[in-house]
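Colleague: got a sequence here, can you build the structure:
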Amino acid sequence: MSTTTERGTRSPTSSSLTGDNSKVVPTDTQKNTVFAFAKEAPPGQPEEFGLRLARHFVRDFDAVSRARVHIEAFQWTHLDAGDRPDPHAFERFGSDKRLATVTCAKDAEWVVSGFADLVVMKTTDSEFYGFPRDRYTTLEETHDRILATALTVRWRYVSTEQDWFSSFNLDAEQAPLRGRSFAVWPREPQRGLLCVRSALRAYRRDRDPRRRLGGPPGLVAGWSFCSRRAGPRRSR
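Modeller: Reported below is the predicted structural model:
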């Protein structure tokens, strides 16, 4: 888990112009707070840990008007020690990482979750044609190509009262959200990357866990997808 903290002060002018540091929270304090909080109690889910940190800085420092904590969580698995997994040796599993950004102010707080660098690929059933051309265009139209991309997905919760583990998963078996979210990837014909992103967004929106289970709608306030081409493109 990688944690970054930011804080906004009510009156930054004194420290910036006169060197008065009486309202500046040192980065050393921020760093040590992260380590201390992780030692004092299990961090739990990234969103939960981020809320603990951000609330602390806003509530315990009068000069801090807003605190933002960004957490990147990576998957790790035990290395094999022959007949059993080694309890102290690990390797990183997968290229993607889980994201959580928590922002707390004196009178409001919100959480944006997601994941980044999820690399996916289709070796067929992807196409791109009908785009405008001018004298600088060299790309050929194609109705069959290899498409690979790295996706970043984020969503904002409407409330911080969540079961963070369950909200990051979709079904009783706790299948990872990243896998369930992209069930549409192999199933849908792809007529362009923007079309793929719209299909993924609609698929996740319609499978909001609170809505599917009959609870109050609105677990998620909004979605954001980003992508970059991560592999070869082929026409045939």
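Colleague: next, the buried residues of stretch 56-73.
Modeller: Within stretch 56-73, the residues that count as buried by 16 or more other CB atoms under 10 Å are 56-58, 61, 63-73. Quick note: C-beta positions are derived from backbone N, CA and C, even for glycine.
Colleague: do you know how far Ala148 is from Thr33?
Modeller: 40 Å (CB to CB, to the nearest Å).
Colleague: which residues in this structure form strands?
Modeller: Counting by DSSP state E, the chain has strands at residues 2-9, 64-73, 76-80, 85-92, 97-105, 109-122, 147-157, 220-229.
Colleague: how far away is Asp144 from Leu151?
Modeller: Looking at Asp144 against Leu151, where the rule is CB to CB, the gap reads 22 Å.
Colleague: let me redo that: His78
Modeller: As it turns out, when the distance is counted by CB to CB, His78 lies 28 Å from Leu151.
Colleague: comparing these two, which residue is more hemmed in?
Modeller: Using other CB atoms under 10 Å as the criterion, His78 and Leu151 rank with Leu151 on top: 25 against 14.
Colleague: just list whatever residues bridge to the more buried one.
Modeller: For Leu151, the beta-bridge partners under DSSP bridges are Leu118, Ser227.
Colleague: and if you look at Ala67?
Modeller: Beta-bridge pairing for Ala67 (DSSP bridges): Arg7, Cys104.
Colleague: my read is that it contacts Phe57, right?
Modeller: Yes: A contact is recorded between Ala67 and Phe57 when judged using CB atoms under 8 Å, the distance being 4.0 Å.
Colleague: contacting residues for Thr160?
Modeller: Under the criterion of CB atoms under 8 Å, 6 or more residues apart in numbering, the contact partners of Thr160 comprise Glu47, Leu51, Glu109, Trp110, Val111.
Colleague: of those, buried ones?
Modeller: Among those, the ones that count as buried by 16+ other CB under 10 Å are Glu47, Leu51, Glu109, Val111.
Colleague: ok, the residue nearest to the third one when sequence neighbours are not counted to Glu48 distance?
Modeller: Once flanking residues are discounted, Glu109 sits nearest to Thr160: 5.6 Å by CB to CB, 6 or more residues apart in numbering. In this view, Thr160 and Glu48 are 10 Å apart by CB to CB.
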